[in-house]
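> Got a sequence here, can you model it:
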Amino acid sequence: MPENLDTEQFNADELVPPEWLNAEYLEKILSTYENAPELKVTDLKISPASAQGDHYASVMFRTQVEYTTGKGTFIKPLIVKTMPEEEGHKKDMLKNSFIFETEIGTYSKALPEFERILKQAGDNTKLYATCIFHSVVPRQVMIFEDLVPQGYAVVRGRPIREEEVHAALSKLAKWNAASMKVNNENPAVIDEFKYGLFDLPTLMKDPMVTSGMANFINMLDQVPDLKKYKPHFEKIKDTYLERARAVLTEYRTNPQSDGYYVLCHGDFHLRNMMFKHNKETGVLEDVMLVDFQICNIVPISIDLIYAIYMLMEPEQRWSHGKDMINSYFTVLVDTLKKIGYKGDMPTQEKLWQQIHRHKIYDFFLLTTFLPLILAVKANTFKMNEIIQDPVTRQKAYLMDIYVAEARKLLPLFEQLGYFKDL
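Numbers count the residues shown, from 1 in each chain. All right, here's what the predicted structure looks like:
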């Protein structure tokens, strides 16, 4: 670890790398990747790859590898992503999960095909970082080229800007368009992506999820002007999780003839994307999506609803949220036309119908994930505290910023008719 490292900024399980992550291990991987059997690692520096609150479903390290080959001396910055080895909540929640197999398949199969389709149509959009190595046994590991030296950075310490939201949604639209073409013409390419958020073996039994609605109803009880909404949520408290699961598994279990289905990102929030700005002018040049652990085929509404709660800032949600999703739709349709999509072309009206039809997913995000993301963004609580400590979790539901969001969302839900026919 680097000297003078501020350990409070990082996840505890990323402060000390595992013993197997050493020069010998990376030497074997790089010699194969570079096709240079004579390659020798001469120096290795390892540090945590991300800050508190950036992620939970993995352990990540940033490595700087110095090595020599017959062509000279080189330095390669890498990100090493693996599963938690320390005993505790994180390891228990992720054991026996599908997430590494899903992410490996996304990087090695789906996204390369999507890029090929776009490039064939004259669009050179880059959808993913270069993955130089992946394995499932003897341990689950993925190794990527580090995007930071390439000029990319995670947004921290400030709100995301509207142009950045537009850029992220635009890249998602191109990804979704390519996946619609594949699903229409060659579905076997993405058929393996069957497991999403609600298929994580232990997540749906975790108190963070199972206590969400109770904590939300408790908040409504304590805020006089919101108490009138309590009966609506009392009505669905015993069924909303299974109903949300049904939405996310709709493609597999109950496909709709007029449904739009795409390979989704599944966790489309601010810390799962990196932005590149021009160093001199500050102009936004690109955004790169990362962390594809729960990609699966779902209704097109899922990532969009998620973005409303988990990506956009509150003022963006209320001022331009609908416009930003309509802008996403424009890029989606333009890309579908460009790449020669042969299915029925989506319409904006049906897109919004599907977003509204999946209102139960709004309720899930509002009552479970929104207080977490607001607390992390505001540095009020740490992510692991909210996930693991019931007292901290209850406090998150009473934060002023969360109550303010409820005061705006609940009347909007009422206006949209979301409380009818529950």
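
> Tell me which stretches of the stretch 51-200 of the chain form helices.
89-94, 99-105, 111-120, 162-185 (DSSP state H, counting those that start in this stretch).

> Adding mean pLDDT and mean neighbour count, write these out as JSON lines.
Yep, even glycine has a C-beta here, placed from its N, CA and C like the rest. As requested, the helices of the stretch 51-200 of the chain are exported to JSON lines (pLDDT from 0 to 100; neighbours: other Cβ atoms under 10 Å):
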{"stretch": "helix 89-94", "mean pLDDT": "59", "mean neighbour count": "17"}
{"stretch": "helix 99-105", "mean pLDDT": "93", "mean neighbour count": "20"}
{"stretch": "helix 111-120", "mean pLDDT": "98", "mean neighbour count": "18"}
{"stretch": "helix 162-185", "mean pLDDT": "98", "mean neighbour count": "21"}
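
> Now distance to Trp352 too, for these, in TSV please.
Listed next are the helices of the stretch 51-200 of the chain as TSV, based on distance: least, Cβ to Cβ, whole Å:
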stretch	distance to Trp352
helix 89-94	35
helix 99-105	29
helix 111-120	25
helix 162-185	15
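
> and of those, who's closest to Ile294?
Across the helices of the stretch 51-200 of the chain, the minimum distance to Ile294, taken as Cβ to Cβ, is reached by helix 99-105, at 6.5 Å.

> on contacts alone, who are the packing partners of the closest one?
Counting contacts by 3 or more Cβ pairs under 8 Å, 6 or more residues apart in numbering; DSSP states H and E, helix 99-105 packs against strand 141-145.

> list the buried ones in the strand it packs on?
Neighbour-count burial for strand 141-145, counted by 16 or more other Cβ atoms under 10 Å, picks out 141-144.

> Pick out whichever of those residues sits closest to Thr73.
Ile143 (20.4 Å).

> Mind checking the helices of the stretch 51-200 of the chain for the one nearest to Val287?
Of all these, helix 162-185 comes closest under Cβ to Cβ, at 4.5 Å.

> Can you give me the neighbour number for the residue lying closest to Gln256 once chain neighbours are set aside?
With Cβ to Cβ, 6 or more residues apart in numbering as the criterion, Gln256 has its nearest non-adjacent residue at 6.9 Å, and that residue is Glu250. Using other Cβ atoms under 10 Å, Glu250 is surrounded by 21 other residues.

> switch to numbering from 15
In the new numbering, first residue 15, that becomes Glu264.

> which residues of the chain score low on pLDDT?
Scanning the chain for pLDDT under 70 picks out the ranges 15-29, 64-71, 99-109.

> middle-most residue in it, spatially?
Centroid-nearest residue in the chain, with Cα atoms, centre = their mean: Asp281, separated by 2.5 Å.

> Doesn't that residue belong to a strand?
No. Going by DSSP: H, G, I helix; E, B strand; the rest coil, the assignment for Asp281 is coil, not a strand.

> if we can go back for a sec, ok, now how distant is the residue nearest to Gln270 from Phe212?
11 Å (Cβ to Cβ, to the nearest Å).

> the domain parsing of this protein - what is it?
21-108, 172-430 (automatic domain parsing).

> so where do the helices sit in the stretch 265-414 of the chain?
315-324, 328-333, 335-352, 362-371, 373-378, 384-391, 397-402, 404-410, 414-430.

> Ser61: which of these is closest?
Checked against Cβ to Cβ, the stretch from these lying closest is helix 397-402, at 19.4 Å.

> Tell me where the stretch 165-314 of the chain has strands.
166-167, 275-277, 287-291, 298-303, 311-313 (DSSP state E, counting those that start in this stretch).

> Which neighbouring elements make contact with the second one?
Helices and strands touching strand 275-277, by 3+ Cβ pairs under 8 Å, 6+ apart, are helix 176-199, strand 311-313.

> about what we covered before: pipe the helices of the stretch 265-414 of the chain into TSV and attach distance to Pro32 and mean neighbour count per row.
TSV is the format used below for these (distance: least, Cβ to Cβ, whole Å; neighbours: other Cβ atoms under 10 Å):
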stretch	distance to Pro32	mean neighbour count
helix 315-324	30	23
helix 328-333	39	15
helix 335-352	40	18
helix 362-371	43	16
helix 373-378	35	23
helix 384-391	26	23
helix 397-402	19	19
helix 404-410	29	16
helix 414-430	37	15
